[in-house]
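Kindly generate the corresponding structure for this input.
(one chain, ligands or ions: 2)
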Amino acid sequence: MTGLVDSHSHCTSREFDADRDAVIRRALDAGCRAIVNPATNLQDSREAVALADTYPEVFACVGFHPHDARDADEKSLREIEELSRHPKVVAIGEIGLDFHYELSPRDVQERVFRAQMEIARRRDLPVVIHTRESTPTTLRIVEEYAAAKDWRARRLTPDSRHSLPKGVFHCFSGNLEEAWQAIRAGFMISFPGIITFKNAGLAARVASAISCEHLLLETDSPYLAPVPHRGTRNEPAHLPLIAQKLAELQRLSAEDVARATGYGAYRLFGIGSVGPGRFTYTLRDSLYVNLTIRCNADCVFCDRKGEAVIKGNNLKIDREPTVEDIIREIGDPRRFAEIVFCGYGEPTIRLDAMKEIARWVKQEGGKTRLNTDGHGSIINKRNIVPELVGVIDAVSISLNTMDPAQYGALMQIDGPRFFGAMVDFAKECVARLPRVVMTIVDMPEVDRERAREFVEKEIGATFSARPYF
Ligand code: SF4
Ligand SMILES: [Zn+2]
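Numbering: from 1, shown residues only. Ligands and ions are numbered 1, 2, ... in the order given. As a prediction, this is how the structure comes out:
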């Protein structure tokens, strides 16, 4: 595994005094390309900055942990703000509230937390949040700051639908509702080795339900060593064990998790880069073909015109690939479970190229799938389904919602007209093609059960719901 980012490792901890250099080298050998070192108090912040100065791969956070909040006077907070100007400081952290140990009184914790949120806002830096038995209060406070228009409002690309992430809830211990609340407020979530524990319960459930796009990897070294090292000193070299577990929970490959969370670290901390635009990319064991980023719709949840990144794969291409480009990149299609025409765009806009590639894939013994908005017949001004017979094995159609008006609002198109066309297309596909799946975005506003019934009973396709977050 390569390209991993340990977003939370206390390498400055006294536990590493004897062998810190070896610990960092082992992490790099294990595939970590960056380590973010959060601080717990003023002295630790100074040491974090010094460590980041020593190793190009180490980045620092500065701040007072809630345990140490009682030591944070005005002078030391001023120094935290000064330290935050260092170019290797990527966040204010770790800050927050801990009502479990309450090593500092609650009112002091809250005062110091707010003072540091102000520093983050003035410096336009993200925050690394620690919460324990305090998630609702912490969420309330970060939501106040997240609403401020002058904090992390920048966009990575001019047309992006999302501003920069505002921070991360590290070692997340809340429930799924709270995780979504944090994500809606612009935060990311991370889980250390606890997801590898037998009794991982809630953390594992939350980690499997949230799109990888909102997750980071962390070890929280020297604490919480993952299985099979549980109970011993943790170190960032153990990060692949956590990535592997997260991949299982996410039903992705470990490489997918490394790439997606690496991109998350880039958006949050500015570490790394986005990588060049891709004509093809892998997810799990399939190869995805990015024929175009043009689309006839403009879904409110789609960032096609903005960052156009899917699980760390940059799909922003400056020209559309030729049939030959794609065939060259596929190589032997039998290496992949499926060749999927997908990408951030509507593949049927390039129907002829898609059919030619698909025909070749079938000849070579591969399998094909089309992911589509179901508007291909309107786009091409004829019923295109007969042309897919024999070249496309499976079709996944975005149903999005059952309500034509809501469909139009979500996709920013003429709802009734395109909804009707999509349903006709789906019925045609069911009649002629081996496998048809219809997906909805699992949003509270969308009636999932009604959609399932419609897909299964009226259309005769397979139903699937994908998470909105
Ligand atoms: S149909 Fe797909 S590619 Fe087109 S705007 Fe919607 S989500 Fe994006
Ligand atoms: Zn920590």
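
Return the residues of the stretch 251-400 of the chain in contact with ligand 1.
Residues of the stretch 251-400 of the chain found near ligand 1 (CB under 6 Å from any ligand atom) are 295, 297-299, 302, 304, 344-346, 373. For every residue, glycine as well, the C-beta is placed using N, CA and C.

what pairs with the lengthiest strand in the chain, and is each one parallel or antiparallel?
Ranked by residue count under DSSP state E, the longest strand found in the chain is strand 89-98. Take DSSP bridges as the rule and strand 89-98 pairs in its sheet with strand 58-62 (parallel), strand 127-132 (parallel).

Off-centre distance for it?
Centre-to-centre, strand 89-98 and its host chain are 21 Å apart (CA atoms, centre = their mean, to the nearest Å).

how about the strands paired with strand 89-98, which one is nearest ligand 1?
Ligand 1 lies closest, by CB to the nearest ligand atom, to one member of the strands paired with strand 89-98: strand 127-132, at 30.7 Å.

tell me the mean pLDDT over stretch 214-223?
Regarding stretch 214-223, the rounded mean pLDDT is 97.

Determine the set of other helices and strands touching the lowest-mean-pLDDT helix or strand in the chain.
Taking mean pLDDT, DSSP states H and E as the measure, the chain has strand 462-467 as its least confident helix or strand, at a mean of 87. With contacts taken as 3 or more CB pairs under 8 Å, 6 or more residues apart in numbering; DSSP states H and E, strand 462-467 sits against strand 435-442, helix 448-453.

quick one: contacts for residue 109?
66, 69, 97-98 (CB atoms under 8 Å, 6 or more residues apart in numbering).

Kindly report the same for residue 132.
Shown in contact with residue 132 (CB under 8 Å, 6+ apart): 97-101, 173.

Partner strands of the least confident helix or strand of the chain and their direction?
With DSSP bridges as the test, strand 462-467 pairs up with strand 435-442 (parallel).

Take the partner strand, keep the C-alpha atoms, and write them as PDB.
Extracted C-alpha coordinates of strand 435-442, given in PDB (Å, rounded to 0.1, in the frame of the first residue of the first chain):
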ATOM      1  CA  ARG A 435     -29.300  -7.000 -15.800                       C
ATOM      2  CA  VAL A 436     -30.700  -3.600 -14.900                       C
ATOM      3  CA  VAL A 437     -30.200  -1.800 -11.600                       C
ATOM      4  CA  MET A 438     -31.800   1.400 -10.500                       C
ATOM      5  CA  THR A 439     -30.300   3.500  -7.800                       C
ATOM      6  CA  ILE A 440     -31.500   6.300  -5.600                       C
ATOM      7  CA  VAL A 441     -29.600   8.800  -3.500                       C
ATOM      8  CA  ASP A 442     -30.400   7.900   0.100                       C
END
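
how about that strand against ligand 1, any contact?
No: for strand 435-442, no contact with ligand 1 is found by CB under 6 Å from any ligand atom; the gap never falls below 9.0 Å.

tell me which residues in that strand are buried?
Using 16 or more other CB atoms under 10 Å as the burial criterion, the residues of strand 435-442 that qualify are 436-441.

before we move on, what about stretch 51-60?
For stretch 51-60, using 16+ other CB under 10 Å, the buried residues are 51-52, 55, 57-60.

mean confidence for the longest strand of the chain?
In this model, strand 89-98 has an average pLDDT of 97.

Counting neighbours, what do you get for whichever residue of the stretch 51-200 of the chain sits closest to ligand 1?
Distances from the stretch 51-200 of the chain to ligand 1, computed as CB to the nearest ligand atom, single out residue 161 as the nearest residue at 10.6 Å. Neighbourhood size, residue 161 [other CB atoms under 10 Å]: 15.

what's the most distant pair in the buried residues of stretch 51-60?
Within the buried residues of stretch 51-60, two members stand farthest from each other by CB to CB: 57 and 60, at 11.9 Å.

circling back: can you put the helices and strands packed on strand 462-467 in JSON lines and add mean pLDDT and distance to residue 281?
Listed next are the helices and strands packed on strand 462-467 as JSON lines, based on pLDDT from 0 to 100; distance: least, CB to CB, whole Å:
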{"stretch": "strand 435-442", "mean pLDDT": "90", "distance to residue 281": "19"}
{"stretch": "helix 448-453", "mean pLDDT": "91", "distance to residue 281": "29"}
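
Next, format the ones you listed as a markdown table and append distance to residue 277.
A markdown table is the format used below for the helices and strands packed on strand 462-467 (distance: least, CB to CB, whole Å):
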| stretch | distance to residue 277 |
| --- | --- |
| strand 435-442 | 25 |
| helix 448-453 | 34 |
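
Name the spans of the stretch 351-469 of the chain whose pLDDT lies under the cut-off.
Along the stretch 351-469 of the chain, the parts satisfying pLDDT under 70 run over 467-469.

how far away is the residue in it positioned nearest to ligand 1 from residue 325?
Using CB to the nearest ligand atom, the single residue of the stretch 351-469 of the chain nearest to ligand 1 is residue 373, 3.9 Å away. Per CB to CB, to the nearest Å, residue 373 is found 24 Å from residue 325.

Please apply the same query to residue 231.
As judged by CB to CB, residue 231 and residue 325 stand 52 Å apart.

Between those two, which is the more surrounded one?
residue 325 (17 against 8).

one step back: may I ask which of the contacts of residue 132 has the most neighbours?
Neighbour counts for the contacts of residue 132 peak at residue 97, which has 24 neighbours (criterion: other CB under 10 Å).

got the buried residues of stretch 51-60 as JSON lines, with distance to residue 369 and pLDDT columns?
Conversion of those to JSON lines gives the following (distance: CB to CB, whole Å; pLDDT from 0 to 100):
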{"residue": "51", "distance to residue 369": "47", "pLDDT": "98"}
{"residue": "52", "distance to residue 369": "45", "pLDDT": "98"}
{"residue": "55", "distance to residue 369": "44", "pLDDT": "98"}
{"residue": "57", "distance to residue 369": "39", "pLDDT": "98"}
{"residue": "58", "distance to residue 369": "42", "pLDDT": "98"}
{"residue": "59", "distance to residue 369": "40", "pLDDT": "98"}
{"residue": "60", "distance to residue 369": "45", "pLDDT": "98"}
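
Need those in a markdown table (columns: distance to residue 237).
Putting the buried residues of stretch 51-60 into a markdown table (distance: CB to CB, whole Å) gives the following:
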| residue | distance to residue 237 |
| --- | --- |
| 51 | 16 |
| 52 | 19 |
| 55 | 14 |
| 57 | 13 |
| 58 | 14 |
| 59 | 17 |
| 60 | 20 |
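
Mind telling me what element the closest residue to ligand 1 within the stretch 301-450 of the chain is part of?
Going by CB to the nearest ligand atom, ligand 1 is nearest to residue 302 of the stretch 301-450 of the chain, at 3.1 Å. Under DSSP states H and E, no helix or strand contains residue 302.

Give me the most central residue, the protein.
Centroid check for the chain by CA atoms, centre = their mean gives residue 213 as the closest residue, at 0.8 Å.

Pull the contacting residues for it.
By CB under 8 Å, 6+ apart, the contact set of residue 213 is 260, 264, 311.

Can you read off the backbone torsions of it?
Dihedral pair for residue 213: phi -60, psi -20, per degrees, to the nearest 10.

Please tell me how far it sits from ligand 1.
Here the criterion is CB to the nearest ligand atom, to the nearest Å. By it, residue 213 lies 14 Å from ligand 1.

Report the residue ranges of every domain in the protein.
Domain assignment of the chain by automatic domain parsing yields the ranges 4-269, 280-467.
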